[in-house]
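Trainee: below are the sequence and a predicted model for it; my questions follow.
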Amino acid sequence: MFQKLLAGIALSAALLQSSVSGHSWLDGTVYDPNTKTPGGYARGYPGRKNVDINTLYTWEIFDRNPATQLCDDKRQATASYSDEFPMGKASAGQTLFVDYQINGHQDLPTTKMQIWMYRKTDVGTLKYGEYSTGEKVGEWDFLNLSRCAGNVSQFTDLHNNAVCYGSYTLPKDLPDGTYSFAWIWHFDVNPKGQDYTTCFDLEVSGNGGSKTTEDTKTENETAPTTIGDTNDRNAIESGNNGQVKGTTSPSNPSTNVVKPKVQKRPAGKCYRRCQKKCKHATVL
């Protein structure tokens with residue numbers, strides 16, 4: 001009996017640790033891995049300068065409950081952006097990049113990340129069980145040494161806050177307009193499943209089919225060497241205290257989306273603070 005009790009306690013502790021350490025979100029949606037600059041952000045993005053970003057921006061879908069909102073129902077239910085953190089712009093057929101910090105998850109290199117695109121549906125209205133109604137436009141392993149900052153030879157040598165990036169490609173037949181997307185990380189640590197999501201939009205115009213300079217490199221070429229928070233992302237964020245404003249929705253293409261400013265994009269600090277659980281998400 002005592003051994004069973006200890007086993008139960010150990011299992012509970014393991015699950016708790018998975019929830020505590022399992023926070024993550026998408027930062028940039030049109031990221032340039034060469035210059036380390038963003039060209040767009042996700043919905044309601046507060047910026048890493050905001051010390052409460054873990055609480056504000058982690059959206060966990062625990063047990064893969066199909067009835068849970070796919071997007072954070074408070075910050076990402078609508079296409080809300082700010083002058084500081086604007087919506088991204090792209091062309092049909094273009095290969096784009098997204099960036100994220102690994103937040104100390106060096107032991108989960110092969111877990112999958114995906115980007116799903118929705119042509120006619122606002123992603124903010126979808127439940128988790130409906131995410132596959134879109135088009136999968138990107139998928140990659142969480143960690144890829146050629147796409148993670150640090151120039152190291154093994155995953156365990158990566159800095160806890162190292163920046164990594166993944167890629168997705170827009171369909172070539174995509175008409176001009178504003179489309180919504182969901183980034184999904186299949187965390188897959190808890191036995192019943194555990195996903196994290198971030199939702200965003202892009203204003204698409206033209207059909208360039210262009211790729212960033214990075215895409216012309218070989219897959220195994222050395223990644224950028226800026227590590228983690230050695231140059232804090234705070235330095236490039238003027239800080240708006242997480243305030244956002246509504247701009248547009250996929251059914252109403254924007255005509256005045258703020259043009260992204262080119263700015264240096266060092267990685268940010270990972271704030272790890274325990275907070276109470278939200279209605280749908282475990283946040284730290």
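Mentor: That came through, no problem. Numbering: from 1, shown residues only.

Trainee: tell me which residues touch Gly28, please.
Mentor: 38-41, 97-99, 265 (CB atoms under 8 Å, 6 or more residues apart in numbering). For the C-beta atoms, the positions are set from N, CA and C on the backbone; glycine is no exception.

Trainee: now those residues in CSV, with distance to Asn207, neighbour count and secondary structure?
Mentor: Formatted as CSV, the contacts of Gly28 follow (distance: CB to CB, whole Å; neighbours: other CB atoms under 10 Å; DSSP: H, G, I helix; E, B strand; the rest coil):
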residue, distance to Asn207, neighbour count, secondary structure
Pro38, 23, 25, coil
Gly39, 18, 23, coil
Gly40, 19, 25, coil
Tyr41, 24, 27, strand
Phe97, 19, 22, strand
Val98, 21, 27, strand
Asp99, 25, 22, strand
Arg265, 27, 24, coil
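
Trainee: list just the nearest of those to Ala77.
Mentor: Closest approach to Ala77 among these (CB to CB): Tyr41, at 16.3 Å.

Trainee: so who does the closest one touch?
Mentor: So Tyr41 contacts 27-29, 81, 85-88, 200 (CB under 8 Å, 6+ apart).

Trainee: before we move on, back to that, what two of the contacts of Gly28 have the greatest distance between them?
Mentor: Tyr41 and Phe97 (13.4 Å).

Trainee: just to revisit the earlier point, tell me the one among the contacts of Tyr41 nearest to Gly138.
Mentor: Thr29 (11.3 Å).

Trainee: which stretches of this protein have low pLDDT?
Mentor: Along the chain, the parts satisfying pLDDT under 70 run over 1-23, 104, 208-284.

Trainee: how about the strands in it?
Mentor: Counting by DSSP state E, the chain has strands at residues 60-62, 80-81, 88-90, 95-101, 112-118, 135-141, 163-169, 177-186, 194-204, 245-246.

Trainee: among the ones you listed, which is the most enclosed?
Mentor: strand 194-204 (a mean of 25; mean count of other CB atoms under 10 Å).

Trainee: thinking again about what came up before, want to throw the contacts of Gly28 into JSON lines with distance to Thr156?
Mentor: As requested, these are exported to JSON lines (distance: CB to CB, whole Å):
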{"residue": "Pro38", "distance to Thr156": "28"}
{"residue": "Gly39", "distance to Thr156": "32"}
{"residue": "Gly40", "distance to Thr156": "32"}
{"residue": "Tyr41", "distance to Thr156": "30"}
{"residue": "Phe97", "distance to Thr156": "25"}
{"residue": "Val98", "distance to Thr156": "24"}
{"residue": "Asp99", "distance to Thr156": "21"}
{"residue": "Arg265", "distance to Thr156": "25"}
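
Trainee: name the nearest of the residues you listed relative to Lys120.
Mentor: The closest of the contacts of Gly28, once distances to Lys120 are taken by CB to CB, is Gly40, at 21.0 Å.
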